[in-house]
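*Asks:* Pasted the sequence and its predicted model underneath.
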Amino acid sequence: MPVRREEVRELVSRYSGLTVGVLGSHSAEEVAVAAKSAGLRTVVVCQKGREGLYARHDRFLFDHVIVLDRFADMVEEHVQEKLRELNTVFIPNRSFTVYVGWRNIEEKLYIPLYGNRFMLKTEERNLPRNQYWLLEKAGVKIPKIFKSPDEIDRLVIVKVRQKRKPLERAFFTACSPEEYWAKAERLIKDDVIAEEDLKQAVIEEFVLGPRFNANYHAWALRDVFSEFDFLGFDDRRQVNLHGLLNLPARDQLELDIPVKNEEIGHYGVTMRESKKPMVYEAAERFLKTCRAEYPPGLIGPFALQGAVAYDPEDPEGRRLAFYVFDVSPRVPGSPCLGPTSPEMRRLTLKYSAMLRDFGLARIESALDLTMLELLYARKHGRLAEVVT
């Protein structure tokens, strides 16, 4: 039976303090730096063998470190009781959804989340009412999706889960059914993907344009803040793709190795001001649909990952459009955003009065907005309104 929001609200109403919790992976450092900078206490939940960064090198960022045999053990009652004793509000990231499991989060985890716990499963591309369904319902432009390899009649990108790293996906391109099967069979032979996972692969039209991962923050207390704020853009660095792209084309063609797209880092990018309205419009449409389909809608950081290309519906071939091919309904995990996005200075000006009230100087990270809403909610007795 799903965790009811009323239960979480009643639980958080009994809190005597506030500790920010995060899973020890993905974006834990970014969350902890923002929380500590805001004067909040922190707790990190780690898996044995993966705790070194947080328990040793970053120990100063965490007031409490909980080490478990498996991340999924977080749902054990003694672990939950410890987190509740610490007055924990948990910040979801992708590792949290994958390793703890969206079903466990929805049905067994009685810890308040800053975010919508029922939207985390929308990243699972083979479930109903997922991110693609939401984007289409919202009227956000998305690439054409092909239901079968036999339908391929143009350049497509195929996204399939990696066999040994379920958090990561393998990508390959194809222009025909024949090329699809040739590349897929090679990846199966090289043990990069599993045949069973290939059946669940997403096949979508390749968008010929530069990538822009648009990052936002959706506010729970819209009467105090606004509907959302735009935070800036980033793009990813991937292994081994970007190593191959560093080679001349002649050398790339001579290599006989499978291409992988495992994310290893991020870098900031900017967009011409005259084109930014289209990323605001995409967010407005998406958030409206999320509130209707998954009330109370998105809460906290999220991202629409896409690319900008010429709109084929424009007869003159001049209009640009923002095509979204992935959604992150939680912390996107792009720590480069703070130091590289010009939006941080704008947001500092926008919230300067509130920042002063809490003794804060400026917005320096996407997660600073999360902490700002938590601080405001705690001060004004509205913490129950920002958690699910």
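*Replies:* Okay, I see it.
*Asks:* Any regions of the stretch 251-388 of the chain where pLDDT drops low?
*Replies:* Residue ranges of the stretch 251-388 of the chain with pLDDT under 70: none are present.
*Asks:* which residues in it form strands?
*Replies:* In the stretch 251-388 of the chain, the strands defined using DSSP state E, counting those that start in this stretch lie at 261-269, 300-310, 320-328.
*Asks:* With mean neighbour count and distance to F60 added, can I get those strands in a markdown table?
*Replies:* Where C-beta positions appear, they are placed from N, C-alpha and C, glycine not excepted. Compiled in a markdown table, the strands of the stretch 251-388 of the chain are given as follows (neighbours: other C-beta atoms under 10 Å; distance: least, C-beta to C-beta, whole Å):
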| stretch | mean neighbour count | distance to F60 |
| --- | --- | --- |
| strand 261-269 | 16 | 23 |
| strand 300-310 | 22 | 24 |
| strand 320-328 | 21 | 28 |
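*Asks:* Out of those strands, which gets nearest to E293?
*Replies:* Proximity of the strands of the stretch 251-388 of the chain to E293 was assessed by C-beta to C-beta; the nearest stretch is strand 320-328, lying at 12.9 Å.
*Asks:* for the strands of the stretch 251-388 of the chain, which one sits closest to V387?
*Replies:* Each of the strands of the stretch 251-388 of the chain was checked against V387 via C-beta to C-beta, and the shortest separation belongs to strand 300-310, namely 10.1 Å.
*Asks:* Quick one: distance of that closest one to the chain centre.
*Replies:* Centre-to-centre, strand 300-310 and its host chain are 11 Å apart (C-alpha atoms, centre = their mean, to the nearest Å).
*Asks:* List the residues that contact the residue nearest to P329 when sequence neighbours are not counted.
*Replies:* Leaving aside its chain neighbours, P329 sits nearest to M119 (4.5 Å; criterion: C-beta to C-beta, 6 or more residues apart in numbering). Neighbour list for M119: 290, 294, 297-298, 329 [criterion: C-beta atoms under 8 Å, 6 or more residues apart in numbering].
*Asks:* which strands and helices sit next to the longest helix along the chain?
*Replies:* Across the chain, the longest stretch assigned as helix under DSSP state H is helix 277-293. On a contact count with 3 or more C-beta pairs under 8 Å, 6 or more residues apart in numbering; DSSP states H and E, helix 277-293 meets helix 131-138, strand 211-218, strand 228-240, strand 300-310, strand 320-328.
*Asks:* Quick check: S37 vs A55, distance?
*Replies:* The span separating S37 from A55 equals 21 Å under the rule C-beta to C-beta, to the nearest Å.
*Asks:* Could you do A32 as well?
*Replies:* A32 sits 12 Å away from A55 when distances are taken as C-beta to C-beta.
*Asks:* Which residues are in contact with each of these two?
*Replies:* Jointly contacting A32 and A55 under the rule C-beta under 8 Å, 6+ apart are F62.
*Asks:* more crowded one of the two?
*Replies:* A32 (26 against 16; other C-beta atoms under 10 Å).
*Asks:* For the more buried one, which three-state class applies?
*Replies:* When the structure is reduced to helix, strand and coil (DSSP: H, G, I helix; E, B strand; the rest coil), A32 reads as helix.
*Asks:* So this structure: which segments form each domain?
*Replies:* The chain is divided into the following domains under automatic domain parsing: 5-113, 145-205.
*Asks:* Show me what counts as buried in the longest helix of the chain.
*Replies:* Of all the residues in helix 277-293, those buried under the rule 16 or more other C-beta atoms under 10 Å are 278-279, 282-283, 285-287, 289-291, 293.
*Asks:* Outside of that helix itself, which residues are in contact with it?
*Replies:* Helix 277-293 is contacted by residues 116, 119, 129, 134-135, 137-141, 212, 214, 216, 218, 227-228, 230, 271, 297-298, 304, 306, 320-322, 324, 327, 329 when judged by C-beta under 8 Å, 6+ apart.
*Asks:* Give me the buried subset of those.
*Replies:* Using 16+ other C-beta under 10 Å as the burial test, those include 116, 119, 134-135, 137-138, 140-141, 212, 214, 216, 218, 228, 230, 271, 297-298, 304, 306, 321-322, 324, 327, 329 as buried.
*Asks:* any idea of the mean pLDDT for stretch 155-166?
*Replies:* Here the mean pLDDT over stretch 155-166 is 86, rounded to a whole number.
*Asks:* distance between that stretch and the chain's centre?
*Replies:* Using C-alpha atoms, centre = their mean, the distance from the centre of stretch 155-166 to the centre of the chain it belongs to is 18 Å.
*Asks:* CA atoms of that stretch as PDB?
*Replies:* Listed in PDB are the C-alpha atoms of stretch 155-166, where the atom choice follows Å, rounded to 0.1, in the frame of the first residue of the first chain:
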ATOM      1  CA  LEU A 155      18.800   8.200 -38.300                       C
ATOM      2  CA  VAL A 156      17.800   7.000 -34.900                       C
ATOM      3  CA  ILE A 157      19.400   6.700 -31.500                       C
ATOM      4  CA  VAL A 158      18.800   3.500 -29.500                       C
ATOM      5  CA  LYS A 159      18.900   3.700 -25.700                       C
ATOM      6  CA  VAL A 160      19.300   0.400 -23.900                       C
ATOM      7  CA  ARG A 161      20.300  -0.400 -20.300                       C
ATOM      8  CA  GLN A 162      23.900  -1.600 -19.900                       C
ATOM      9  CA  LYS A 163      24.200  -5.200 -18.800                       C
ATOM     10  CA  ARG A 164      26.600  -4.700 -15.900                       C
ATOM     11  CA  LYS A 165      25.700  -1.200 -14.900                       C
ATOM     12  CA  PRO A 166      21.900  -0.800 -14.700                       C
END
